[in-house]
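> Got a predicted structure here, sequence first:
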Amino acid sequence: QKEVEQNSGPLSVPEGAIASLNCTYSDRGSQSFFWYRQYSGKSPELIMFIYSNGDKEDGRFTAQLNKASQYVSLLIRDSQPSDSATYLCAVPTGNTPLVFGKGTRLSVIA
Amino acid sequence: EAQVTQNPRYLITVTGKKLTVTCSQNMNHEYMSWYRQDPGLGLRQIYYSMNVEVTDKGDVPEGYKVSRKEKRNFPLILESPSPNQTSLYFCASSPHLAEIYNEQFFGPGTRLTVL
């Protein structure tokens, strides 16, 4: 069973702080990794994609990948109340384009 | 506009009354999938299709049927809905399994309540 594990949270951070979200995956053959953001009752939307070891930055978001440790993380700098959402880690495995973790709920406190 | 559409967006029905939730994408994607989302359980895959006339079971297929007669459409059929199928349903599509970048595009969701 291919698995993607995330801490369900909630993770609470004060406005302006750095939020750190973590994800581990079981399939060593996975090559690409996705972070989706989902607001309550809405559909998931892609915010970051990474396939190389190291860091990838896009605005306030940084994805970090360590394939040896099978670990991918998402950092949100200068967190805003509008960042409050559930963040889903997703990894393609086998015949399934993406296997999703259960998500981490982030709450940014103003 | 490139999109995945689902209908209906909201549905309240009664146990045993057959229903169909439609899903359509206009991006010529080969892969389509249905998920249900329940509190604390995350997104769980119901069925997926890698191309026309090719469908396969996901993690929670019991009580559901699908068909893929055309590339753009992937309806979800509940032949005899039960209250445990009350959930938020998402359809998603993706361009091609072989690509390293295989973003899934989601529809807006269908909130189903079975009484």
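Yep, that arrived.
> in its sheet, what does the strand ranked longest in chain A sit against?
Longest strand in chain A by number of residues (criterion: DSSP state E): strand A:85-93. Sheet pairing of strand A:85-93 (DSSP bridges) gives strand A:33-38 (antiparallel), strand A:96-100 (antiparallel), strand A:104-109 (antiparallel).
> and those strands as a markdown table, adding mean neighbour count, distance to residue B:13 and mean pLDDT?
Glycine gets a C-beta too; all of them are placed from N, C-alpha and C. What follows is the strands paired with strand A:85-93, written out as a markdown table (neighbours: other Cβ atoms under 10 Å in any protein chain shown; distance: least, Cβ to Cβ, whole Å; pLDDT from 0 to 100):
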| stretch | mean neighbour count | distance to residue B:13 | mean pLDDT |
| --- | --- | --- | --- |
| strand A:33-38 | 23 | 25 | 95 |
| strand A:96-100 | 23 | 27 | 79 |
| strand A:104-109 | 18 | 30 | 96 |
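> what separates stretch B:19-31 from the chain centre, distance-wise?
Distance of stretch B:19-31 from its chain centroid, counting by Cα atoms, centre = their mean, to the nearest Å, is 8 Å.
> May I have the beta-bridge partners of residue 105?
Answering for chain A, as no chain was given. Bridge pairing for residue A:105 - DSSP bridges - gives residue A:86.
> The intended chain is chain B.
Here residue B:105, judged by DSSP bridges, has bridge partners residue B:93.
> Now do the contacts for it.
B:2, B:3, B:4, B:25, B:27, B:29, B:92, B:93, B:94 (Cβ atoms under 8 Å, 6 or more residues apart in numbering or on different chains).
> Got the confidence number for residue 92?
Looking at chain A here, since you left the chain open. According to the prediction, residue A:92 has pLDDT 81.
> right idea, wrong chain: chain B
For residue B:92, the model assigns a pLDDT of 95.
> Would you quantify the distance from residue A:19 to residue A:45?
Distance of residue A:19 to residue A:45, computed by Cβ to Cβ, to the nearest Å: 17 Å.
> who's more crowded, these two?
Counting neighbours by other Cβ atoms under 10 Å in any protein chain shown for residue A:19 and for residue A:45 shows that residue A:19 has the greater number, 23 against 13.
> What residue, apart from its backbone neighbours, is nearest that one spatially?
residue A:76 (4.2 Å; Cβ to Cβ, 6 or more residues apart in numbering or on different chains).
> about what we covered before: if we take the contacts of residue B:105, which one ends up nearest to residue A:31?
Nearest to residue A:31 among the contacts of residue B:105 is residue B:94, at 15.1 Å by Cβ to Cβ.
> so the closest one touches residue B:74, yeah?
No - counting by Cβ atoms under 8 Å, residue B:94 stays clear of residue B:74, with 11.7 Å between them.
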